[in-house]
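S.K.: Need a 3D model of the following:
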Amino acid sequence: MSNVKSTAFIIQARMGSSRLPNKMMLPFYDNKGILELLIEKINQFNNSNRYKIILATSTNHRDNQLAEIAQNNGLLVYKGSEEDVLARFVGAAETFGVDKIIRVCADNPFLDVNELERILTLVNEHEDYDYISFQINGIPSIKTHFGFWVEFTRIEALKKVASLTNDKFYHEHVTNFIYENPNLFKIKWINTMESLNQRKDIRMTMDTMEDYNNLKELYKQLYFEYKRIPSLEKIISYVDQNTIFKQKMITEINNNSK
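M.R.: Numbering: from 1, shown residues only. Next up is the predicted model:
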C-alpha cells in the first residue's frame with residue numbers, strides 16, 4: 001500500500017460566494033456551519049489520523065474565521081490566492097509535503113463516507129492515476145448537483161495544468177482541464193449507483209439561500225430519523241418520500257447551471 005501520509009484531504013472553502021455570501025458561517029445544524037460539520041465527518045472517518053487534513057482558503061481577511069475553525073478542529077491551514085484556486089491547491093500540497101490530493105468542496109454537507117472509502121481504496125491500490133472520480137451518465141460528479149462525492153488528483157497533475165494553460169476558468173475550476181484532456185492524463189472513473197443515472201432531480205450542494213433553507217431542514221429531519229446522516233441511498237429514498245424537498249431541489253437545479 002502507498003504511503004498514506006503523502007495523501008491529504010484538501011478542503012476548499014472561502015467566505016466570498018457571489019450567490020450566498022458567508023455561507024460557510026451560516027448555522028446549519030446544532031449551531032454549527034457546514035464547514036465545521038464537514039470537518040467533523042472527515043475527522044471521524046480519519047480517526048486513526050491516516051491522512052492529513054488541510055483547509056485551503058484565501059489570504060482575504062474574511063477567511064480568517066474559516067482558518068480559526070479549521071485550526072480548532074486540528075486541521076492544517078493554507079492561505080493562498082482567492083481567485084487562482086489551482087495555485088492555492090498546489091501551494092497547500094507543496095507546503096505540507098502532499099503528493100496525492102483528495103479534493104473536498106466545502107459546500108457539500110452530505111458528503112458520503114462510504115463513497116469516500118471507495119475512492120481511497122483505489123488511490124492506495126494504484127500508483128499511476130492522475131485523476132480518479134465518480135461519474136453519473138458519463139458526467140463527472142463535480143459537474144452534477146448531487147454533492148455526495150470527492151475527487152482525487154496528484155500535485156504533479158495540477159502542476160502540469162498550470163504549465164499548460166493560463167485560462168482563468170481552469171485556474172478557478174481546479175480539475176476541469178484534467179478530465180477535459182484525457183489524452184494528457186491517466187484518468188479512472190468510478191460508476192455510482194445505477195439508479196442515479198436517471199436522476200436529474202437531486203441537489204445536495206449548497207449555493208443559494210434556497211439551497212441553504214431546504215438542505216438545512218432536510219439535514220435536521222434526517223438526524224431526527226436516523227440519529228446521524230445516513231447513506232446516500234437512504235437520503236435519496238427520504239427525499240423521494242418527502243417531495244417538498246425534491247420540488248425545491250428541482251427549482252434550484254433549473255435556476256443554477258453546473
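S.K.: and the residue lying closest to Asp167 once chain neighbours are set aside, what is it in contact with?
M.R.: Excluding its sequence neighbours, the residue lying closest to Asp167 (Cβ to Cβ, 6 or more residues apart in numbering) is Phe177, at 7.9 Å. Glycine gets a C-beta too; all of them are placed from N, C-alpha and C. By Cβ atoms under 8 Å, 6 or more residues apart in numbering, the residues touching Phe177 are 161, 164-165, 167, 170.
S.K.: I'd like those as TSV, with neighbour count appended.
M.R.: Output for the contacts of Phe177, formatted as TSV (neighbours: other Cβ atoms under 10 Å):
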residue	neighbour count
Val161	25
Leu164	12
Thr165	14
Asp167	12
Tyr170	20
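S.K.: Among the residues you listed, which lie within helices?
M.R.: Residues of the contacts of Phe177 located in helices (DSSP state H): 161, 164, 170.
S.K.: Pick the one among those residues closest to Asp128.
M.R.: Taking Cβ to Cβ as the measure, Asp128 sits nearest to Val161 out of the ones in helices among the contacts of Phe177, at 17.7 Å.
S.K.: who touches the closest one in this structure?
M.R.: Taking Cβ under 8 Å, 6+ apart, we find Val161 in contact with 86, 170, 177-178.
S.K.: Could I get the full set of strands for this structure?
M.R.: Under the criterion DSSP state E, the chain contains strands at 7-12, 52-58, 76-80, 100-105, 131-136, 139-140, 151-154, 187-191.
S.K.: Select, out of those strands, the one closest to Ile235.
M.R.: So among the strands of the chain, strand 131-136 is nearest, using Cβ to Cβ, at 15.2 Å.
S.K.: Low-confidence bits of the stretch 1-150 of the chain, can you list those?
M.R.: Residues of the stretch 1-150 of the chain meeting the criterion pLDDT under 70: 1-5.
S.K.: how much space between the residue of the chain most remote from its centre and Gln221?
M.R.: Here the centre of the chain is the reference, and by Cα atoms, centre = their mean the most remote residue is Gln241, at 26.3 Å. Note on Gln241: its distance to Gln221, by Cβ to Cβ, to the nearest Å, is 11 Å.
S.K.: now do Asp99
M.R.: Distance from Asp99 to Gln221, by Cβ to Cβ: 40 Å.
S.K.: quick one on the thing from earlier: and the residue farthest from the centre of the chain, what pLDDT?
M.R.: We note a pLDDT of 96 for Gln241 in this prediction.
S.K.: Quick one: the contacts of Val161 as CSV, columns for distance to Arg19 too.
M.R.: Shown next, in CSV, are the contacts of Val161 (distance: Cβ to Cβ, whole Å):
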residue, distance to Arg19
Leu86, 21
Tyr170, 21
Phe177, 24
Ile178, 25
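S.K.: Let me know the closest of those to Thr144.
M.R.: Ile178 (16.9 Å).
S.K.: any idea how far Lys159 is from that closest one?
M.R.: Separation of Ile178 from Lys159 (Cβ to Cβ): 12 Å.
S.K.: Grab the nearest non-local neighbour of Glu172.
M.R.: Closest residue to Glu172 apart from its sequence neighbours, by Cβ to Cβ, 6+ apart: Val85 at 5.6 Å.
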